[in-house]
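Participant: Next come a sequence and a model predicted from it.
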Amino acid sequence: MQAKEITAKVEEMVMPVAEKRNYEIVDVEYVKEGPNKYLRIYADKEGGFSVDDCEILSRDIEKMLDSEDFIENAYILEVSSPGIDRILKKDKEYVKYKGRTVDVKLYKALDGQKEFQGELVGLEDGKIKITTDGEELSFEKKDVAICRLAVIL
């Protein structure tokens, strides 16, 4: 089973469990880093996702994964919050965080610049739109390496 299939199956399995506890599954990753494979599940809830929430969800997920046992290789399970600088991946997040300041990094420079910061307008027709200095900028989603909530101190 390939990583993409594993993440899709895990996400499908954990959604109902998370929803029962009023958690939102933000993202699922299955990646190899060095000699180890990691199954990372990012979750959130209204008011913030605590360490206790991570432990509760981790135990629930571990039981399910052990009973299904469909991941062939050994892996390390990590359950965590996406953090204050969360990466926006799903289309619904561009609606949820409309009006927030985001950092956008492009794969290739646009007019000599690869990094932009501005207020998120949204995602329309496959384009991420932000405003910066009163000007609206639009980036094809496929050209964006990462779009994350900005941390403003």
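Facilitator: Thanks, I have the structure now. Numbers count the residues shown, from 1 in each chain.

Participant: Doesn't Asn73 belong to a helix?
Facilitator: No. In this structure, Asn73 is coil, not part of a helix, as judged by DSSP: H, G, I helix; E, B strand; the rest coil.

Participant: Compute the distance between Glu11 and Ile56, please.
Facilitator: Plainly put, Glu11 is 18 Å away from Ile56 if you go by C-beta to C-beta, to the nearest Å. To be clear about C-beta, it is placed using only N, CA and C from the backbone, and glycine gets the same treatment.

Participant: How about Gly83?
Facilitator: 19 Å.

Participant: do the same with Met64
Facilitator: 13 Å.

Participant: go on, Arg21?
Facilitator: 7 Å.

Participant: How about Leu110?
Facilitator: 43 Å.

Participant: CA atoms of stretch 15-25 as CSV?
Facilitator: Below are the C-alpha coordinates for stretch 15-25, written out as CSV (Å, rounded to 0.1, in the frame of the first residue of the first chain):
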residue,chain,number,x,y,z
MET,A,15,-12.8,10.9,11.3
PRO,A,16,-15.7,9.3,13.1
VAL,A,17,-13.7,8.7,16.3
ALA,A,18,-12.5,12.3,16.3
GLU,A,19,-15.9,13.7,15.6
LYS,A,20,-17.4,11.9,18.6
ARG,A,21,-14.9,13.8,20.8
ASN,A,22,-15.6,17.1,19.0
TYR,A,23,-12.1,17.0,17.4
GLU,A,24,-11.4,18.0,13.8
ILE,A,25,-8.8,16.0,11.8
